[in-house]
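> Predicted coordinates and the sequence they were generated for:
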Amino acid sequence: MIRIILGVDDSTSGQDIQNLLQRMSYDVLTVSIHEVTERADELQPDIILMDVRLDGEKDGIEVAQRTNSRYDIPIIFITANADEATVRRAITAEPDGILIKPLDALELTATIEMAMHRHGARARARESDRRIRELTDALPEIIFETDANGILTFISAAISTRYGWTVGEIEGKANMLDFIAPFDRERARETVRKRIQGEDRGWAEYAFILKDGSIAPFDVRTMPIIRDGVYEGLRGIAIDISERKHAQAALIGSERRIREITDALPVVVYETDITGRITFVNATAFDLFGYAKEEIEAGVSLFQLIAPADRKRARAVFRRRMSEEDVGRVEYIGLRKDKSSFPISIRAVTMKRDGVVIGQRGVVIDFSELSEAQQELRQHATMFNAAHDAIMTLDPAGTITYWNRGAERLYGWTTQEAEGQNANALLRTWFPESREVLWPKLMESGLWEGELTHITRDGVDVTVASSWTLMKDEKGNPSAILEISSDITERKKAELALAESEATLRTTFATMADGIMITELDEKVTDCNAAILRLTQRSREEILGKPFKDLLAPEFRSVIADARKVLVGSVLAITVPGSEKKRTIRADSQLLRKNGERVDIEANISLVEDSAGQPAAFLIVARDVTERKQMECKLDSSLADLRRSNAELQQFAYVTSHDLQEPLRMITSYIQIIEEDYKGKLDADADQYIAFAVEGAKRMHTLIHDLLAYSRVGTRGEPFMPISLNRVLSAATTNLEIAIEEGQAVVTRDRLPTVLGDESQLIQLFQNLLGNSIKFRSDATPRIHVGVEKTKDEWVFSVRDNGIGIDMKYAERIFAVFQRLHAREEYPGTGIGLAVVKKIVERHGGRVWVESEPANGSTFYFTLPKGE
Ligand code: ADP
């Protein structure tokens with residue numbers, strides 16, 4: 001018979017239910033719900049029915065919960081409230097069934113039977129779970145399951161028995177990846193991805209981080225949990241292979257001999273497996289740590305050589321090194337076998353085999369030999385790394401014992417390179433004073449400050465402001481030097497450049513031939529150079545402090561005041577847009593010497609502004625222009641002389657040619673009479689001579705005529721009037737009509753401008769040029785073009801022909817009087833035509849020249865001023 005305990009909180013409703021149950025022949029004991037637990041202990045019923053009140057009063061559910069968790073007995077709740085919220089609340093107590101009042105006999109039986117059956121099934125499942133757990137817990141391997149996110153949902157007890165975690169702190173909380181060392185995580189993720197895709201990769205080795213931070217190698221194999229095609233997580237096994245690996249690592253490397261060499265080193269050299277257990281160490285380890293080599297290699301971990309206080313840090317560093325991070329040299333407190341401690345530093349790198357990290361190889365240095373002062377410095381020095389300055393410490397022999405980042409930056413040597421080197425040798429230090437001077441100073445005062453020059457690793461000079469502090473031990477002997485230096489190279493360079501430019505300026509000032517003075521705004525001289533003393537023939541004392549105007553001849557005394565008005569005025573006017581800042585005024589003036597002598601000077605007066613742009617001083621440069629003035633005078637008088645003699649010459653030429661005409665005419669007349677009267681009456685020779693004389697007289701006539709025309713250009717010119725050159729050219733061609741016709745010449749022209757000039761002379765000018773172009777024609781039909789071009793301030797005319805051309809070596813000569821290039825028989829002429837052209841052009845203020853090539857025609861150019 002099924003035994004039931006019925007817990008009620010109200011005896012009236014309890015009675016009804018009890019009756020109902022008894023009618024269905026259950027063995028029922030009705031108790032108050034507060035007594036349920038107690039009675040259940042004693043009666044061990046098959047099922048408990050609890051009348052739980054759910055309308056706001058919590059008690060019912062709490063009791064139910066307590067009872068439920070305590071007994072492995074099915075529980076059914078009976079309640080009068082049937083709203084969804086209360087039912088849901090009741091379910092949280094995990095009853096095996098819920099009945100809602102009023103109760104129906106059939107429903108009651110069904111619910112009781114169902115609850116008992118379900119409860120039994122659940123108990124069996126729990127039992128099998130327990131068995132699995134017991135089984136896995138007995139294994140030394142770690143068995144685990146994760147959900148899809150890698151969160152561990154199940155882990156076997158090995159995690160607590162062997163590795164110190166509790167199952168509770170891991171299940172449902174920790175992620176599987178958290179246990180894998182960072183350097184292996186990516187690989188682990190990749191493996192998981194592959195697994196999910198159904199690829200079986202067998203066993204894989206990973207480094208696990210254990211609870212104390214140490215690393216251990218594990219072989220891991222996982223398989224995915226897939227339900228209804230959905231990936232739900234992983235199930236796997238992880239086996240600690242530290243021992244196996246350690247044995248392997250110890251075997252690796254048969255470079256015994258190399259290792260033996262390391263025994264001779266004064267430092268400890270070691271190799272570890274990935275857990276930090278030492279697989280190899282050199283014999284020096286015995287000297288340092290007191291362990292025999294074999295003793296260490298039998299399984300001592302690197303961390304055992306480090307004091308407990310530093311171990312956690314050491315493990316962290318070890319892990320970082322495993323991820324190939326360059327941790328540099330790290331200092332610890334070392335622990336000897338006899339438990340005494342001493343300062344050490346360790347530097348290590350990873351060892352790899354076939355690309356897989358199998359451990360680390362490192363070096364341990366004993367620091368205890370460093371003096372205490374140095375150790376203290378060394379500790380401070382860590383802080384110094386943050387400093388911008390170069391900071392180093394030296395032992396009394398000058399060996400670098402510490403080198404901060406600032407020093408690395410400034411000198412280019414890394415800490416590893418610098419430490420242990422002699423500082424002066426490494427930096428090729430140049431001291432401003434000898435060691436014999438510097439050293440006693442440092443010894444006595446404990447401090448030295450000064451500028452040093454060093455040479456960086458790249459061979460660049462750096463100047464530093466350096467301060468040296470001497471550290472002493474308790475006996476007062478020097479134990480270390482702290483050297484702090486800041487780079488002042490740029491500052492030094494700037495200072496040097498400034499000093500140099502100042503010196504240059506000074507020298508220039510002193511040696512300049514011009515007198516230079518600096519005055520205040522009220523003209524008081526504040527500085528002057530030697531040249532001014534020479535110019536004024538006064539002493540420096542007679543000049544300095546006195547107004548500049550006192551040095552000037554009376555009529556020039558306002559020079560500075562005048563200049564000041566312009567200069568200062570312009571400084572103030574600087575804000576007015578468009579006004580240009582005038583900086584220097586030039587004025588002619590005269591210095592007055594003490595003896596009353598006057599010296600002509602050209603004064604250049606400049607306003608010197610201060611840094612705020614305010615007028616501050618005048619700079620006066622006085623140049624002795626006596627000689628220039630004298631030269632100018634001389635030049636003027638010789639120019640006048642020249643003009644006079646030119647005029648005289650012209651007059652002479654005119655007069656002679658004019659006066660020669662009369663006697664020549666007489667000679668010509670008489671010779672012509674002789675020719676007419678005596679031709680054929682004397683002998684043949686006489687006839688010929690007479691003919692020569694006539695010819696000579698005619699030629700002389702032409703020459704004199706031409707010369708007269710030439711000299712008339714200067715003496716008989718007409719005043720200038722606006723003349724149309726188109727008309728002028730027409731007149732010239734009319735005059736040349738016969739020659740043009742005869743030579744069948746073609747004359748073309750540009751439109752010519754109107755200029756100021758002497759019309760008849762301009763006609764003559766064109767006539768001579770056109771005449772030559774026709775006269776010196778080649779076999780071809782003469783083509784002559786008169787062109788014009790306008791430049792900025794003049795007209796450039798050209799007369800171009802296609803005649804015989806001129807060798808350019810005669811280009812100058814042909815413009816001189818009587819100069820010609822041909823025999824009279826070849827081309828008639830006197831050689832005066834171009835001389836006249838030149839004279840006319842020059843009288844009009846222009847120039848004339850020729851460009852030509854023999855046989856290729858000539859172009860004669862001349863310019864005339866544009867004239868407004
Ligand atoms: P003339 O024409 O009386 O010889 P010019 O003074 O006019 O004297 O010319 C001087 C010389 O310049 C000429 O003898 C001639 O050799 C050369 N000449 C002048 N014009 C031309 C020209 N258009 N082509 C070639 N040669 C020329």
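Received it, and whenever you're ready, just let me know what you need.

> mind checking the SS state of the residue of the stretch 551-700 of the chain at minimum distance from the ligand?
When distances are taken as CB to the nearest ligand atom, the stretch 551-700 of the chain approaches the ligand most closely through Arg699, which lies 12.3 Å from it. From N, CA and C alone the C-beta is placed, and that goes for glycine too. Three states are possible here, and by DSSP: H, G, I helix; E, B strand; the rest coil the one that applies to Arg699 is helix.

> Local confidence estimate at it?
According to the per-residue confidence, Arg699 scores 85 in pLDDT.

> Check the burial of the closest residue to the ligand within the stretch 101-250 of the chain by counting its neighbours.
As assessed by CB to the nearest ligand atom, the ligand sits closest to Glu186 within the stretch 101-250 of the chain, at 98.3 Å. By the other CB atoms under 10 Å criterion, the neighbourhood of Glu186 contains 11 residues.

> Could you check which helix or strand contains it?
Here Glu186 sits within helix 182-196, counting by DSSP states H and E.

> Could you do Arg361 as well?
strand 356-366.

> Now do the helix holding Glu186, average pLDDT.
Helix 182-196 shows a mean pLDDT of 87.

> One more: stretch 670-680?
86.

> now the strands for the stretch 651-800 of the chain?
Ranges of strands within the stretch 651-800 of the chain are 721-724, 746-749, 754-757, 783-790, 794-800, based on DSSP state E, counting those that start in this stretch.

> tilt between the longest one and strand 794-800?
This points to strand 783-790. Strand 783-790 and strand 794-800 meet at an angle of 170 degrees, taking axes from the mean of the first three to the mean of the last three CA atoms, to 10 degrees as the criterion.

> For the residue lying closest to Leu302 once chain neighbours are set aside, which residues are in contact?
Setting aside the residues directly before and after it, Leu302 is nearest to Gly276 in space (CB to CB, 6 or more residues apart in numbering), at 4.6 Å. Each residue near Gly276 by CB atoms under 8 Å, 6 or more residues apart in numbering is listed here: Ser214, Ile215, Ser301, Leu302, Phe303, Arg315, Phe318, Gln360.

> Just grab the bridge partners of the third one for me.
Same thing as Ser301. According to DSSP bridges, Arg277 are recorded as the beta-bridge partners of Ser301.

> Thought Thr275 was touching it, still the case?
Yes. Contact between Ser301 and Thr275 holds when scored by CB atoms under 8 Å: they sit 7.1 Å apart.

> Pick out whichever of these two has more residues nearby.
Comparing Ser301 with Thr275 by other CB under 10 Å, the one with more neighbours is Thr275, at 22 against 19.

> thinking the more buried one is in contact with Phe218, fair?
No. Look at Thr275 against Phe218 with CB under 8 Å: they stay out of range, at 10.8 Å.

> Paired strands for the strand holding Arg361, with orientation please.
Paired with strand 356-366 in the same sheet, following DSSP bridges, are strand 268-272 (antiparallel), strand 341-353 (antiparallel).

> quick one, which of the strands of the stretch 651-800 of the chain is nearest to Gly229?
Nearest of the strands of the stretch 651-800 of the chain to Gly229, taken as CB to CB: strand 783-790 at 98.6 Å.

> mind listing what Ser606 touches?
If you count contacts by CB under 8 Å, 6+ apart, Ser606 has them with Leu567, Arg583, Thr584, Ile585, Phe618, Leu619, Ile620, Val621.

> and the fourth one, how many neighbours?
Residues near Ile585, counting by other CB under 10 Å, number 21.

> Skipping adjacent residues, who's closest to it in space?
Counting by CB to CB, 6+ apart, Ile585 lies nearest to Ala563, which is 4.0 Å off, once chain neighbours are set aside.

> Check the third one too.
If you skip the residues right next to it in sequence, Thr584 has Ser606 as its closest partner in space, 4.5 Å away by CB to CB, 6+ apart.
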